[in-house]
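> curious how this folds, go ahead:
(chains A and B)
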There are 2 protein chains.
Amino acid sequence: MRKEKGLLIVLSGPSGVGKGTVRKAIFSDPNVDFEYSISMTTRQPREGEVDGVDYFFKTREQFEQLIKEGKLLEYAEYLGNYYGTPLDYVKETLEAGKDIFLEIEVQGAKQVREKIPDGLFIFLAPPSLSELYNRIVNRGTEDDERIRGRMEKARKEIEMMDLYDYVVENDEVEKACERIKAIVIAEHCRRERVQHHYKKMLEVE
Amino acid sequence: MRKEKGLLIVLSGPSGVGKGTVRKAIFSDPNVDFEYSISMTTRQPREGEVDGVDYFFKTREQFEQLIKEGKLLEYAEYLGNYYGTPLDYVKETLEAGKDIFLEIEVQGAKQVREKIPDGLFIFLAPPSLSELYNRIVNRGTEDDERIRGRMEKARKEIEMMDLYDYVVENDEVEKACERIKAIVIAEHCRRERVQHHYKKMLEVE
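This next block holds a predicted model:
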């Protein structure tokens, strides 16, 4: 069946959850047929990093010019450096009917959700949330004080999930990858998407 | 993470699309961890069919008694025989936190949708729909008269999709199985499902 516009796939989650590791594992699979959107940054390349592969490295002036021109789908500043997603590549890939994959911070994901609400937003959840859950359920031998401290962190992480379509627990990188790939396959089978396509066929007639 | 109620998975589609073949292929995978809901019927067992494996074979009197007692989740009559889904097994499996898989006719799927609206409904689509689409798009050498006849059938099949969550094309049995398994994995990662679970954890505290 002929594809129409591609799917925008956004992987995000709390910092330290392992987004980069999961993303690299996904793209190490030769069967994955979505494009990776390389981020832009003003930070210095680290040893071994290649411009146009790991990041597009830009000066602060260049980056701020792109912001001014509206050329970024999302951006944020961390530790004095800018990070962002170039808009044109995302647009062109989607228009060409290919899926595109973004691995970005939660602040950036929020910006993208506002601009492209029909994207596919996946939240990578820390396994500590489940561990915490199991401890609470099997409590008795547990130190209530310590749990309480962790609950506050959990509460914030669970609230972050609000704007996402899916939540994938990063208990094991391989499992998380499989779930993300399954979500993309499933999303292409969603009735609204497929039926709409068939309905257009009837109109063509 | 602890599972709550299981997921009701309904596979249906136009007659002759290959539902039974796809269902058997799914359950030939030892990693599939959902239960198959064996249908009940009043038709005679065919050679090699085993009661309680292929079907639960019942007399007409027994079946009509079960209808009267509300013991069937759905049922329909075809060619003078009843076919139906026993309600208790479905309920017990879901309550035990296991997913259950039904392979039924479209009329039955409609009944189930009314009773269990939050089930997962998958429509198996005939590849003839896509073929037709490609022919229309690449028309020129095509016989318009023949296409018109097939359009009417397609129109009905596309309308049938209305009550389903997903549409899976049965272009190849293996591919259709992979998509269905991916849909089940994805569905377990849907935010509403997962976040709700975490939120309950916060309430427990």
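
> where in chain A is pLDDT low?
By pLDDT under 70, the low-scoring segments of chain A are A:1-3, A:136-144, A:204-205.

> now do the strands in it.
A:8-12, A:34-36, A:40-41, A:56-57, A:72-78, A:81-86, A:99-103, A:120-125, A:166-169 (DSSP state E).

> the last one and chain B, are they touching?
Yes: using CB under 8 Å from any CB of the partner chain, strand A:166-169 reaches chain B at A:166, A:167, A:168, A:169. To be clear about C-beta, it is placed using only N, CA and C from the backbone, and glycine gets the same treatment.

> residue A:82: how many residues sit nearby?
By the criterion of other CB atoms under 10 Å in any protein chain shown, residue A:82 has 21 neighbours.

> what sits against the residue nearest to residue A:71 when sequence neighbours are not counted?
Leaving aside its sequence neighbours, residue A:71 sits nearest to residue A:87 (CB to CB, 6 or more residues apart in numbering or on different chains; 5.4 Å). Applying CB atoms under 8 Å, 6 or more residues apart in numbering or on different chains, we find residue A:87 in contact with A:70, A:71, A:72, A:73.

> against residue A:116, how distant is residue A:87?
For residue A:87, the distance to residue A:116 equals 10 Å [CB to CB, to the nearest Å].

> intersection of neighbour lists for those two?
residue A:73.

> name the nearest residue to residue A:133, sequence neighbours excluded.
Using CB to CB, 6+ apart, the closest residue to residue A:133 is residue B:201 (4.5 Å).

> got it, and residue A:183?
In space, residue A:183 is closest to residue B:186, 4.4 Å off (CB to CB, 6+ apart).

> could you report the neighbour count for the residue lying closest to residue A:195 once chain neighbours are set aside?
Leaving aside its chain neighbours, residue A:195 sits nearest to residue B:161 (4.8 Å; criterion: CB to CB, 6+ apart). Using other CB under 10 Å, residue B:161 is surrounded by 22 other residues.

> now do residue A:15
Residues contacting residue A:15 under the criterion other CB under 10 Å number 9.

> apart from its chain neighbours, what residue comes closest to it?
Nearest to residue A:15 is residue A:105, by CB to CB, 6+ apart, at 6.9 Å.

> ramachandran angles for the one you found?
When read as degrees, to the nearest 10, the backbone of residue A:105 gives phi -80, psi 160.

> which residues sit against stretch A:26-39?
By CB under 8 Å, 6+ apart, the list of residues contacting stretch A:26-39 reads A:6-7, A:9, A:23, A:52-56, A:83-86, A:89-90, A:93, A:98-104, A:177, A:180-181, A:184.

> show me which of those are buried.
A:6-7, A:9, A:23, A:55-56, A:83-86, A:89-90, A:93, A:99-104, A:177, A:180-181, A:184 (16 or more other CB atoms under 10 Å in any protein chain shown).

> residue A:160 and residue A:123 touch, don't they?
Yes: shown here, residue A:160 and residue A:123 form a contact pair, counting by CB atoms under 8 Å, at 6.9 Å.

> neighbour count for those two, which is higher?
residue A:123 (28 against 19).

> the nearest residue to the more buried one once chain neighbours are set aside: neighbour count?
Distances taken as CB to CB, 6+ apart place residue A:164 nearest to residue A:123, at 4.0 Å, with adjacent residues excluded. By other CB under 10 Å, 26 other residues sit near residue A:164.

> so residue A:164 touches residue A:121, yeah?
Yes: with contact defined as CB under 8 Å, residue A:164 reaches residue A:121; the gap is 4.4 Å.

> between the two, which contacts overlap?
With CB under 8 Å, 6+ apart, residue A:164 and residue A:121 have common neighbours A:12, A:109.

> please enumerate the helices of chain A.
A:19-27, A:60-68, A:87-95, A:106-115, A:128-137, A:144-160, A:173-188, A:191-204 (DSSP state H).

> the second one versus helix A:87-95: what angle between them?
Helix A:60-68 runs at 50 degrees relative to helix A:87-95, counting by axes from the mean of the first three to the mean of the last three CA atoms, to 10 degrees.

> also the fifth one?
Angle of helix A:128-137 versus helix A:87-95, following the same axes, to 10 degrees, is 80 degrees.

> so which elements touch helix A:128-137?
Judged by 3 or more CB pairs under 8 Å, 6 or more residues apart in numbering or on different chains; DSSP states H and E, helix A:128-137 is in contact with helix A:144-160, helix B:191-204.

> please export the C-alpha coordinates of it as CSV.
Provided in CSV are the C-alpha atoms of helix A:128-137 (Å, rounded to 0.1, in the frame of the first residue of the first chain):
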residue,chain,number,x,y,z
SER,A,128,13.2,2.5,39.4
LEU,A,129,9.5,3.3,39.1
SER,A,130,8.6,-0.3,39.0
GLU,A,131,11.0,-1.2,41.7
LEU,A,132,9.4,1.4,43.9
TYR,A,133,6.0,0.0,43.1
ASN,A,134,7.0,-3.5,44.0
ARG,A,135,8.5,-2.3,47.2
ILE,A,136,5.4,-0.5,48.2
VAL,A,137,3.2,-3.5,47.4
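
> residues in contact with the spatially closest residue to residue A:158 that is not a sequence neighbour?
Nearest residue to residue A:158 in three dimensions, chain neighbours excluded: residue B:198, at 4.6 Å (CB to CB, 6+ apart). Taking CB under 8 Å, 6+ apart as the criterion, residue B:198 is in contact with A:129, A:133, A:154, A:158, A:161.

> do residue A:71 as well
Contacts of residue A:71 by CB under 8 Å, 6+ apart are A:86, A:87, A:88.

> 10 Å - rerun?
Going by CB atoms under 10 Å, 6 or more residues apart in numbering or on different chains, residue A:71 touches A:40, A:63, A:65, A:84, A:85, A:86, A:87, A:88.

> for residue A:41, same thing?
The contact partners of residue A:41, by CB under 10 Å, 6+ apart, come to A:49, A:54-58, A:63, A:75, A:78, A:81-84.

> what would these look like in JSON lines with distance to residue B:110?
Formatted as JSON lines, those follow (distance: CB to CB, whole Å):
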{"residue": "A:49", "distance to residue B:110": "56"}
{"residue": "A:54", "distance to residue B:110": "52"}
{"residue": "A:55", "distance to residue B:110": "52"}
{"residue": "A:56", "distance to residue B:110": "52"}
{"residue": "A:57", "distance to residue B:110": "57"}
{"residue": "A:58", "distance to residue B:110": "56"}
{"residue": "A:63", "distance to residue B:110": "55"}
{"residue": "A:75", "distance to residue B:110": "49"}
{"residue": "A:78", "distance to residue B:110": "52"}
{"residue": "A:81", "distance to residue B:110": "56"}
{"residue": "A:82", "distance to residue B:110": "54"}
{"residue": "A:83", "distance to residue B:110": "50"}
{"residue": "A:84", "distance to residue B:110": "48"}
